[in-house]
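Model the structure of this input:
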Amino acid sequence: MRLLLAGDVGRLKGDAVLAARRWSGPVETAGPAGVAGAGLIIDALFGAGLDRPVEGAARAMIEAINAAPAKIYAVDLPSGINGTSGAIQGAAVHASETITFFRRKVGHLLLPGRLHCGNVHVADIGIAEDVLGRVKPKAFHNIPELWEKSCPIPGVDAHKYDRGHAVVVSGGISSTGAARLVARGALRAGAGLVTIASPRSALAVNAAASLAVNGSPSRWSRRA
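You can find the predicted model right below:
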């Protein structure tokens, strides 16, 4: 195992200093040649707090990591990804696996950062749940467990109106595409009945293209 350091060990602070003191092996200056022939690379160049473009030696290191035929594990977030937005800060590691802590970051979920993370694993490092009360996050990961109870599987005796009636308002004859896509999506999502409220001028177009959707002239078209 080889440890490559990008920077000066004398400038390390906090937990990084404690980890450095526990390491009894040699420390090499990080450079592209250092990853040549590696079978596995652990990327810990930058963490989730990176907010500046990656340049110079650090960028060359990231490019060398991506070019290496090795499996890459990223610590917290692939180096070069902004943890808040998922943006690439000039260059970013393409990880095979990412191990983060306590909770996923926004950068794990939003593109293009999501494409750089590979499989994301959340590790418990002893942070108490009540920390969330102080952090007050404003984002959450949209997963089926949050809403699947609102979309129950219908029983054999269920009526279509038990599954809801969606009404989609269509534009004029040259602007029907979005309404038809939404209506089709509502059906696929499980709505029992879907109606496109259409101007009379677009009724034939909507009816011909939406065979499973009920079409009716909208009230505003009759008033017009």
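
Do I have it right that Gly113 meets Ile81?
Yes - with contact defined as CB atoms under 8 Å, Gly113 reaches Ile81; the gap is 4.3 Å. Yep, even glycine has a C-beta here, placed from its N, CA and C like the rest.

which one of those two has more residues nearby?
Applying other CB atoms under 10 Å to Gly113 and Ile81 shows that Ile81 carries more neighbours, namely 33 against 25.

That one bridge partners, please.
Beta-bridge pairing for Ile81 (DSSP bridges): Ile88.

hmm, back to that, can you list residues touching both of Gly113 and Ile81?
In terms of CB atoms under 8 Å, 6 or more residues apart in numbering, Gly113 and Ile81 are both contacted by the residues Ala87, Ile88, Ala92, Gly107.

Tabulate those residues (a markdown table), appending pLDDT, distance to Arg2 and neighbour count.
Converted to a markdown table, the shared contacts of Gly113 and Ile81 look like this (pLDDT from 0 to 100; distance: CB to CB, whole Å; neighbours: other CB atoms under 10 Å):
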| residue | pLDDT | distance to Arg2 | neighbour count |
| --- | --- | --- | --- |
| Ala87 | 97 | 31 | 18 |
| Ile88 | 97 | 27 | 18 |
| Ala92 | 98 | 22 | 29 |
| Gly107 | 96 | 28 | 27 |
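
Make a markdown table out of these and add distance to Lys149.
Below are these laid out as a markdown table (distance: CB to CB, whole Å):
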| residue | distance to Lys149 |
| --- | --- |
| Ala87 | 35 |
| Ile88 | 37 |
| Ala92 | 37 |
| Gly107 | 29 |
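
okay, which residue is most central for the chain?
Residue closest to the average C-alpha location in the chain (CA atoms, centre = their mean): Leu109, at 1.8 Å.

The nearest residue to that residue once chain neighbours are set aside: neighbour count?
Using CB to CB, 6 or more residues apart in numbering and skipping the chain neighbours, the partner closest in space to Leu109 is His141 (6.1 Å). Around His141 there are 10 other residues, counting by other CB under 10 Å.

before we move on, what about Ile65?
Residues near Ile65, counting by other CB under 10 Å: 25.

same question, Ala166
Neighbour tally, Ala166, other CB under 10 Å: 19.
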